Structures are given as structure tokens and as C-alpha cells.
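Asker: Dropping the sequence and predicted coords here.
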Amino acid sequence: MQKELQLILSPKNASHEDLYKPIIARELRISPERIKTIRILRRSIDSRSKHVRISLLVRVFVDEEEKTAVAAEPQYQDVSAGDEVVIIGSGPAGLFAALRLIELGCKPVILERGKEVSERKKDIALITSEHRVNPDSNYCFGEGGAGTFSDGKLYTRSKKRGDHRRILNTLHWHGAGESILYDAHPHIGSDNLPVIIRHIRETIRNAGGEIHFNTRITGFKIEDGKVTCVTTGSGDKITGVAFILATGHSARDIYFHLEKIGIPLEAKSFAMGVRVEHPQSLIDSIQYHGMKRDEDLPPAMYSLTHQAAGRGVYSFCMCPGGFIIPSATSGEEVVVNGMSPSKRNSPFANSGIVVEIKPEDIMEFEAFGALKGLKYQEALEKKAWIAGGKRQTAPAQRLSDFISGKVSRTLPASSYTPGVIPSDLHNWLPVSLVERLREGFLAFNRKMEGFITNEAVILGVESRTSSPVRIPRDPVLLSHPAISNLFPSGEGAGFSGGIVSSAVDGERVAEKVVEMFGEK
């Protein structure tokens, strides 16, 4: 017999099966010995009242063992002799496109400008130790894309475009913990993701697929409305029946090259702002109503939104127990982002606080057409680099000083390892950003009293939340309207945001490629 139950438990009772099993037995009016297996289907935190509770949806197996696995194992066949599909980029969209192609019988050939995960770690370390940025190997570029070393948050609101459960199951099969299958806000952690990415690489190669690192794309050859080959930095010409463009939102050279050869692009809305950092203990106190957090309760999160002068101001990529990281892709810019390890055990909490920017808001860059958002990003990143001392040191300001328009003479401790330097962000950020950020912070303080504090610090700039450019594609065929075998995909194409939605988009595109160009 199987039963599903919704339980509302204390954090301690929800954390230990030996504590919630008797509770389930009482609910079912049976002895605990009759319960053979308890499968968690959904877990979430309810902190709306003073007493924080954990909501558990469970499936209980009574008098019988669980007979079915959580999910069927993926079927990866030998595709070494299959039709070759070229995938440009090895982020979530590219990797999951490759896995889906293998399931459907096509051979993926991944071209990645950066390095494999272990070599990439060395270049990332140099950003902190020597303030040196490798333009092809950094927090944004390399095996696994921008998510590999940045966090591994798997929450997505985009659940209508594809099967997000497939993505979670695939990540679990490749080594992610089972909790991602049932947590309301699943999270892998920056310490675990590299191992999972390596396992995915092994799956692709074991099935006959190819992955070429240190391979930057420098050209596209187009004839009769089709890509016939792409050229690499070493001069190689790579052919395939179709080409999936999954380069991520920071591969600016790709956008400029596409525009140069006449491939239509579109400007789209994006967001920019700052990253704010608080002591995690302060966020815990606010969100958990002063309750002392112990090991049974995870570090508190927040999600905040506000409308300021017709534009959204919102928290982005909130990282409890995390770190702020340097995400520049060239030496003369400062870009900040956030990450959390799997245990979320840093004493800091950070989040992007960003303002919605529409194409009509940046008319001073109108001469750059569809690429004006990129130029706007570049301009502020360059200002941040100058304000930071022309190093990867980040310009920073106490949040309370930013609100009141004062220069911070000193700064609180920060997790940003390249270092922070006092800067009057309220003077060099665009006025429209400053005004909306201030209004947003004041609104957030009304929702979370104590959010504005002298203990909080803001760092600039948070500029890579999403692509300011969309590469058009047919809504049904998913290919570029002017190039029938070019398939823009993922964040860089402007059709997703985050690991799961990008992976879903990669799978959708792969399915369409096989439908249109696979062997009949």
C-alpha cells in the first residue's frame, strides 16, 4: 500500500527520518514497523510566522518495499557514426543539447573556447592572486559555462517550455544529491558542480561524442541560407548537418561577429545594478523572526521585488552562506557575481540587486543598434575597473552610505577575495540606476526591517544577469529565420536564464535538430 501525506514539521523533526517516521505512523494509525520506505516528494521552508516550519510531501510505502526507481536511467547510445551536429559552447544549453542528441542518435561535436574544469580552476585562482583575467578561461568561459563555479542553483520559473524534471534527474544521475529532486529551491553547490560536469563530459565522450577545448570560433561560412562550416582560431574548418549556438551571455565577440556578417540580431531588456552583502546571521535573524538558527535549519534566503519609476528592481541570484566572485571576461573591467558552496557555510549572504533596463532607456548608445546593451554594460564595467584602482579590486560602499549619498571612509569585511576599495557608487553609476536602486532598497527595508544597515556593503557592478541581445529564431522550427541550420539556444541567445531553463532550451533545440536534419 502507498500513501501520500503532507506534513508540517519543526526543522529538527523534518531533518531526521527517525523523528518523522513515528509522526507519519500516528497520522496513518499504524505501527512504525509497517512503514518500509519513505520517499520525500517535496520539501520547502515556511517562515511566514514566528515559528519556522518545514513542509514535507512524502510517499509512504506500507507493508511493501518500493518497487520502482525514482527515475529511469537515461539511455545513451553509441553515436560515433551518427550525423554530426556542431555545438558552440559547453554551458548548460550546450551540454544538455549534446546529451539529448546522443539519446536521439546524433553525434555532438562541442567546441568550447575555454578549458576543461580542472585547468579552468588555475586561471580562476589567478584572478584573485594576480588580478589577471584570461579572456577565454574565467568564471564565465570554460567547461560547464558560467554556472560551474558560480553556484548551481536549480530553481526555475520556466516550467512550461520543457520537462525541467528531466534536467534534475539527469543531474542526479551524473552525481548530484537526491535532494535536488524534491527541494523547492534545489541547489548543488560550487564545490560539487565541477565533478558533475566532468561526469557529463565522460558520458558524451563514452557515447562517441566529441568535446574540443581551447577552441574559439572566429568565423561562420554561410551559403544558400545555411551554415556550411565554422572556422576556429587555429584555422580549422568544422562542418556538420546543423549548428547549435550556445555561447552564453558573455561571449560578446560572437554577437559582434554575427552582426558583421549580416546575421540579424535584436536588442532586448536586461538588468544591471550592484551586489549587496550582509552578515548571514543578520539575514537569518530577519527572515527567521529572531529565532536562533541551528544545523537543522538552512541559512535564510530572500527574494525581493519592487517597481520604481516604471522599472523592476529585484534581487537576483541570492546566495545564502556564499561568496562574491570576480566574473570579468577581460582585464579592463570589473564584474561581480555570487556563489554558494553546497553547505552554504560562509558567514556572508549576498545577492544581486538589479534594475530592469529596456532598449529605449539607453538611447545614448543608439548608434550601436542591436548591440547597444552590450556597449552600456561595457561602459559601466570599465567605470568599475577604474573606480576599483584598475585591478580586479571591486569598488564598494556601505549600503547606508549609498542611501544617504555619503562616501564610505571604511568598509565592513567582505567575502570578495580580490579585495574591495571605498568608492562613491552613487556618483558614478547612472542617475537612473542610482535613484531606482535607492527606492528599491528602501522598499526592501520595509519588507525586511534591518536590511539597510551599516553592516551591509554594495559592490559594483552586477552586469551579467542576462543577455542584452537576442538572436532571433523561428518560434516553431527554433532555427534562425534567415539560416535554416543555425539554432540559437540558451542564455546567450536570449531564450533562457539560469541552469535549468538553459538546459531545457538545449534539449528542445536538440530535438528540433534531429527532427529536421537527422537521418530519416
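Answerer: Alright, I've got the coordinates. Keep in mind the model is a prediction, meaning the values are calculated, not measured.

Asker: C-alpha from now on. contacts and neighbour counts both.
Answerer: Fine.

Asker: Tell me which other helices or strands the longest strand seen in the chain touches.
Answerer: If you go by DSSP state E, the chain has its longest strand at strand 35-46. Counting by 3 or more Cα pairs under 8 Å, 6 or more residues apart in numbering; DSSP states H and E, the packing neighbours recorded for strand 35-46 are strand 53-62.

Asker: low pLDDT regions in the stretch 1-150 of the chain?
Answerer: 68-72, 150 (pLDDT under 70).

Asker: So what's the residue count around the nearest residue to Ala207 once chain neighbours are set aside?
Answerer: The shortest distance from Ala207 to any non-neighbouring residue, by Cα to Cα, 6 or more residues apart in numbering, is to Asp78 (4.7 Å). Per other Cα atoms under 10 Å, the neighbour tally for Asp78 reads 18.

Asker: The stretch 101-250 of the chain: helices as residue ranges?
Answerer: 117-129, 164-173, 193-206 (DSSP state H, counting those that start in this stretch).

Asker: Arg34: which of those is closest?
Answerer: Smallest distance to Arg34 across those (Cα to Cα): 29.2 Å, for helix 164-173.

Asker: got the angle between that closest one and helix 193-206?
Answerer: 90 degrees (axes from the mean of the first three to the mean of the last three Cα atoms, to 10 degrees).

Asker: which strands and helices sit next to helix 164-173?
Answerer: Short answer (3+ Cα pairs under 8 Å, 6+ apart): helix 164-173 packs on helix 499-517.

Asker: Average pLDDT for the helix it packs on, rounded please.
Answerer: When pLDDT is averaged over helix 499-517, the result is 95.

Asker: buried residues in that helix?
Answerer: By 16 or more other Cα atoms under 10 Å, the buried positions in helix 499-517 come out as 499-514.

Asker: helix, strand or coil for the residue nearest to Ala207?
Answerer: Here Asp78 is coil, with the state taken from DSSP: H, G, I helix; E, B strand; the rest coil.

Asker: how close does the nearest residue to Glu439 once chain neighbours are set aside sit to Val434?
Answerer: In this structure, Glu439 finds its nearest non-sequential neighbour in Ala308, 6.5 Å apart by Cα to Cα, 6+ apart. Separation of Ala308 from Val434 (Cα to Cα, to the nearest Å): 11 Å.

Asker: Do you have the strands of the stretch 101-250 of the chain handy? List them.
Answerer: Using DSSP state E, counting those that start in this stretch, the strands of the stretch 101-250 of the chain run over residues 107-111, 210-212, 217-223, 226-232, 237-238, 242-245.

Asker: Contacts for the fifth one next, please.
Answerer: So the one you mean is strand 237-238. The contact list for strand 237-238, computed with Cα atoms under 8 Å, 6 or more residues apart in numbering, reads 86, 229-232.

Asker: Can you show me the strands along the stretch 351-500 of the chain?
Answerer: Under DSSP E, counting those that start in this stretch, the stretch 351-500 of the chain gives strands at 394-398, 420-422, 457-462, 469-470, 486-488.

Asker: okay, how far is it across stretch 9-19, tip to tip?
Answerer: Where stretch 9-19 begins and where it ends lie 10 Å apart, using Cα to Cα.

Asker: before we move on, what about stretch 468-479?
Answerer: 20 Å.

Asker: Then stretch 258-270?
Answerer: 20 Å.

Asker: how far is it from where the chain is centred?
Answerer: 23 Å (Cα atoms, centre = their mean, to the nearest Å).

Asker: buried residues in it?
Answerer: 263-270.

Asker: mean confidence score for it?
Answerer: 93.

Asker: Other residues contacting it?
Answerer: So stretch 258-270 is contacted by 356-359, 369-373, 465-472, 482 (Cα under 8 Å, 6+ apart).

Asker: what number of residues lie near Glu33?
Answerer: 11.

Asker: Repeat that for the one 10 residues further on.
Answerer: Burial of Arg43 is recorded as 22 neighbouring residues (other Cα under 10 Å).

Asker: OK, contacts around the residue lying closest to Gly322 once chain neighbours are set aside?
Answerer: In space, and not counting its chain neighbours, Gly322 is closest to Ser340: 4.0 Å by Cα to Cα, 6+ apart. Taking Cα under 8 Å, 6+ apart, we find Ser340 in contact with 150-151, 189-190, 319-323, 346.

Asker: Buried ones from the contacts of stretch 258-270, can you make that a PyMOL selection?
Answerer: For the buried members of those, the matching PyMOL selection, counting by 16+ other Cα under 10 Å, is:
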select buried, resi 356+357+358+359+370+371+372+373+465+466+467+468+469+470+471+472
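
Asker: Now intersect the contacts of stretch 258-270 with the helices, please.
Answerer: 372-373 (DSSP state H).

Asker: Residue ranges of each domain in this protein, please.
Answerer: Taking automatic domain parsing as the domain assignment, the ranges for the chain are 2-62, 84-265+473-517, 267-462.

Asker: Dump stretch 283-296 to CSV, restricted to CA.
Answerer: Provided in CSV are the C-alpha atoms of stretch 283-296 (Å, rounded to 0.1, in the frame of the first residue of the first chain):
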residue,chain,number,x,y,z
ILE,A,283,19.5,37.8,7.3
ASP,A,284,18.8,34.7,9.5
SER,A,285,17.5,37.0,12.2
ILE,A,286,15.3,39.0,9.9
GLN,A,287,13.8,36.0,8.0
TYR,A,288,13.5,33.7,11.0
HIS,A,289,12.0,36.3,13.2
GLY,A,290,14.9,36.4,15.7
MET,A,291,14.9,32.6,16.0
LYS,A,292,18.4,31.2,16.6
ARG,A,293,19.3,29.1,13.6
ASP,A,294,20.8,25.7,14.3
GLU,A,295,22.1,22.9,11.9
ASP,A,296,18.6,21.7,11.2
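
Asker: wait, the residue nearest to Ala207 sits on Arg205?
Answerer: No - under the criterion of Cα atoms under 8 Å, Asp78 makes no contact with Arg205, lying 9.7 Å away.

Asker: Name the residues that touch stretch 298-312?
Answerer: 280, 283-284, 287-288, 293, 313-316, 318-321, 344, 355-357, 436, 439-440, 443-444.

Asker: Could you work out the end-to-end span of it for me?
Answerer: 28 Å.

Asker: before we move on, what about stretch 338-351?
Answerer: 7 Å.

Asker: Could you do stretch 299-314 as well?
Answerer: By Cα to Cα, one end of stretch 299-314 lies 20 Å from the other end.

Asker: mind listing what's buried in it?
Answerer: Quick answer for stretch 299-314 (16+ other Cα under 10 Å): 299-302, 304-306, 308, 312-314.

Asker: just stretch 136-147 next, same as before
Answerer: For stretch 136-147, by 16+ other Cα under 10 Å, it's 136-147.

Asker: Give me the mean pLDDT for stretch 394-401.
Answerer: On average, stretch 394-401 scores 98.

Asker: So what touches that stretch?
Answerer: Contacts of stretch 394-401 (Cα under 8 Å, 6+ apart): 276, 334, 336, 384-385, 387-388, 407-408, 411-412, 418-425, 452-460.

Asker: now swap in stretch 470-477 and tell me
Answerer: 264-268, 479-481, 487-488, 492-495, 512.

Asker: Shouldn't Asp18 be within a strand?
Answerer: No - under three-state DSSP, Asp18 falls outside any strand and is assigned helix.

Asker: Can you report how many residues lie near it?
Answerer: So Asp18, with other Cα under 10 Å, has 11 neighbours.

Asker: do the same with Ala207
Answerer: Residues near Ala207, counting by other Cα under 10 Å: 19.

Asker: Only C-alpha atoms, please: export stretch 187-197 in CSV.
Answerer: What follows is stretch 187-197, C-alpha atoms only, in CSV (Å, rounded to 0.1, in the frame of the first residue of the first chain):
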residue,chain,number,x,y,z
HIS,A,187,21.0,23.7,-5.1
ILE,A,188,24.1,21.7,-6.0
GLY,A,189,26.9,24.0,-4.8
SER,A,190,30.0,25.3,-6.5
ASP,A,191,32.1,22.6,-4.8
ASN,A,192,30.1,19.8,-6.3
LEU,A,193,29.3,21.1,-9.8
PRO,A,194,32.7,20.6,-11.3
VAL,A,195,32.6,16.8,-10.5
ILE,A,196,29.1,16.6,-12.1
ILE,A,197,30.3,18.5,-15.2
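
Asker: Done for today, thanks.
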